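Enquirer: Kindly generate the corresponding structure for this input.
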Amino acid sequence: MTSADFRVEANHPMAGRFLPAQGEQQYFVRDRALAVAMAAKSFTKPSGEIRVVHVPTGEVVFRKADSGRAEFSDEP
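Expert: Predicted structure coming up:
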C-alpha cells in the first residue's frame, strides 16, 4: 500500500478521462479534492458504486451510486 491518504475504489473496474489507468478497481491519491473529483467524473457498470475512502480512518468521504436514470428505468 502507498502513503496516500485517500483511496478511490469501486466494486467493478472504473473508466474515466481523469484516471491514470483504465480498468482498475482502486487508485490511491494524497489529495481529498482530487480523489473526489476523480470519483465524480468516473464510471463503472450501471449496478456499481464508486467510493472515496480516507485510508487512515476507513471513513467513506464520498459515494457515487448507480444514478437510476429515467431513460433506463421500467417505471413511467
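Enquirer: Find the residue at the geometric middle of this protein.
Expert: residue 50 (3.0 Å; Cα atoms, centre = their mean).
Enquirer: correct me, but it touches residue 44?
Expert: Yes. Using Cβ atoms under 8 Å, residue 50 is in contact with residue 44, at 5.9 Å. Any C-beta I mention is one placed from the backbone N, CA and C, and that applies to glycine too.
Enquirer: show me where the chain has strands.
Expert: Secondary structure of the chain (DSSP state E): strands located at 6-10, 26-29, 50-54, 59-64.
Enquirer: List the contacts of residue 49.
Expert: Contact partners of residue 49, counting by Cβ atoms under 8 Å, 6 or more residues apart in numbering, are 10, 11, 63, 64, 65, 66.
Enquirer: what does the model give it for pLDDT?
Expert: Residue 49 carries a pLDDT value of 93.
Enquirer: Distance check, it against residue 39.
Expert: 10 Å (Cβ to Cβ, to the nearest Å).
Enquirer: right, and residue 28 touches residue 6 too?
Expert: Yes. Assessed by Cβ under 8 Å, residue 28 is found in contact with residue 6 at 7.3 Å.
Enquirer: What subset of the contacts of residue 49 is buried?
Expert: By neighbour count, with 16 or more other Cβ atoms under 10 Å, these hold 10, 64 as buried.
Enquirer: Would you convert the contacts of residue 49 into CSV that also reports pLDDT and distance to residue 17?
Expert: Converted to CSV, the contacts of residue 49 look like this (pLDDT from 0 to 100; distance: Cβ to Cβ, whole Å):
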residue, pLDDT, distance to residue 17
10, 94, 16
11, 91, 21
63, 95, 21
64, 91, 15
65, 86, 21
66, 69, 20
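Enquirer: Closest one of the contacts of residue 49 to residue 57?
Expert: Of all the contacts of residue 49, residue 57 sits closest to residue 63, with 15.3 Å by Cβ to Cβ.
Enquirer: Thanks a lot, see you next time.
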